[in-house]
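Enquirer: with the input below, show me the fold.
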Amino acid sequence: MSQLKDINAPINVDGLPLLDPLRIAYCLPVFRPPDSSDTSILQQMLIAGGLKARGHALTFIAPRNLSDTVCTTDLHFPTLAPRTWSRQSWFELTSKITWRVQQWLGMPYLNVFSNYRLLDACLQCLPGHDIVQERNGLYKVGVAMACKRLSLPYIMFFDGDDIFEHAYAGKPITGILRWRAERTTRYNLTVADCVICVSETAKARLMNVWQVPEDKIAVFPNGVDVNLHRPYPETKADVRASLGVAANEPLIIFVGSFYPWQDVTGLLNAFTQILADCPHGRLVLVGDGQQREAMAQYVTQLGIDSSVQFTGFLPHTQVARLVSAADVAVAPYTKMKPEFFYGSSMKVFEYMASGVALIASDQGQIGEVVQNGVNGVLVPPGDTGALVTALKNLINDAALRSRLGQRAREDAIEKHSWEHYIVRLEQLYQSVISRRRSK
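Expert: Below you'll find the model as predicted:
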């Protein structure tokens, strides 16, 4: 696997020629429309769009439900994958009897037959493709099984450890479902020619928890669409006016999915202190998620309803203009053990590309991307006092905000664009395909 080691080195994409077009099967854990509010789907659509823009042909494959699988080149007009033996009456009868027995025994649904349906669909759809990439999903092994049977190069995109995330969110997977989740994840990781992850911390987790060999892992931090996420001076005044914020009043923005590890509580506490000096300040929280309602109740408890606005989910074009109109963008996180914070924050890259001064918790990959006092401000995770100080410093220093925002925008373009990501991904594909052909 030594050919994969160089893929982690930085590259210069300027002027690189287009590679020969590849036929890529892009497999997702579940079918979602491309305009879904799910950030993981957005991430995958950005990558897929970048590959198509470089001339590659993509086929999207994803389960639509427990029975049907989408196999399409256009997610706006999806078509169903053909199936053969899994449509036979004996298969459906066996599936129903097995499920009845499981119910009688008090066992949960284990996705065995749905995986065989996915396997059948993939066996019909995958031949003719050069490479297959799948985003990991709980209990899904049908794609990996098909790739193994067809001897197709298979890349697993390990976006996160779903088993750990369920436990951290207070909804642990236990019993036979835990056994099933671990078994299917290990199968996919074993079959994969290469495993893509988003950070060095995620790589360490793959190695230490899942025993994936180091030379099988490629680290690909998330990127940003620098053409969408950019300064919008032409709409700044109108956006701020729509929020009721004057030019000389501080506007602070947060974009997120209200996960437990996002320290929205700390941000609200810090903003309460900011209001003591800036009574006309405004905090806008963009996004939705399991803790949004609890945070709205906390705002009421703090008595700052008139200064805080929850927008809910918004189209990404609207989010980009909102961020550009802000004075400060914040990415706060709760304090976690280093080995647990393995993500690659897309919103940090989006803040940077927008040219807005940002404050982020110094945790995981964020500390590698944001240079304190150079392209942003870092604060200790969960430290409300440090967040208050950082907010006051930026609110009171327009020149500092401008300098940090400009450098952040430059770094986003030069280091973190999806264009850089796609070129590296092309190189990885070629490496995996070449190694397969040489066997």
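Enquirer: mind checking how far residue 418 is from residue 349?
Expert: 9 Å (CB to CB, to the nearest Å). (Glycine included, C-beta is placed from N, CA and C.)
Enquirer: verify the contact between residue 194 and residue 155 for me.
Expert: Yes: the pair residue 194 / residue 155 is scored as a contact, 5.0 Å apart, by CB atoms under 8 Å.
Enquirer: which neighbours do residue 418 and residue 349 share?
Expert: The contact sets of residue 418 and residue 349 overlap at 223, 224 (CB atoms under 8 Å, 6 or more residues apart in numbering).
Enquirer: secondary structure class for residue 434?
Expert: helix (DSSP: H, G, I helix; E, B strand; the rest coil).
Enquirer: what segments of the stretch 201-350 of the chain are strands?
Expert: Assigned by DSSP state E, counting those that start in this stretch, the strands in the stretch 201-350 of the chain fall at 217-219, 251-255, 282-286, 308-312, 328-331.
Enquirer: how about the second one as CSV, C-alpha atoms only?
Expert: The one in question is strand 251-255. Output of strand 251-255 as CSV, limited to C-alpha atoms (Å, rounded to 0.1, in the frame of the first residue of the first chain):
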residue,chain,number,x,y,z
LEU,A,251,-23.6,41.1,14.4
ILE,A,252,-22.4,37.7,15.5
ILE,A,253,-23.3,34.5,13.6
PHE,A,254,-23.2,30.8,14.3
VAL,A,255,-23.9,28.1,11.7
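Enquirer: all further residue positions should be reported with the first residue as 58.
Expert: All set: I'll call the first residue 58, so the last point we hit is now strand 308-312.
Enquirer: show the average pLDDT along it.
Expert: Mean per-residue pLDDT for strand 308-312: 98.
Enquirer: and the residue nearest to residue 466 when sequence neighbours are not counted, how far from residue 278?
Expert: Among residues not flanking residue 466 along the chain, residue 412 sits closest, at 4.0 Å (CB to CB, 6 or more residues apart in numbering). From residue 412 across to residue 278, the span is 20 Å (CB to CB).
Enquirer: compare those two (neighbour count), which wins?
Expert: For the pair residue 412 and residue 278, the greater number of neighbours falls to residue 412 (24 against 21), based on other CB atoms under 10 Å.
Enquirer: give me the pLDDT value at residue 337.
Expert: At residue 337, the predicted lDDT confidence score is 93.
Enquirer: if you could redo that for residue 405, that was the one I meant.
Expert: On the pLDDT scale, residue 405 is placed at 96.
Enquirer: and it, how many neighbours does it have?
Expert: A count of nearby residues for residue 405, using other CB under 10 Å, gives 25.
Enquirer: give me the number of residues near the residue nearest to it when sequence neighbours are not counted?
Expert: In this structure, residue 405 finds its nearest non-sequential neighbour in residue 388, 5.2 Å apart by CB to CB, 6+ apart. Neighbour count for residue 388, taken as other CB under 10 Å: 23.
Enquirer: list the beta-bridge partners for residue 388.
Expert: Residues in a beta bridge with residue 388, per DSSP bridges, are residue 417.
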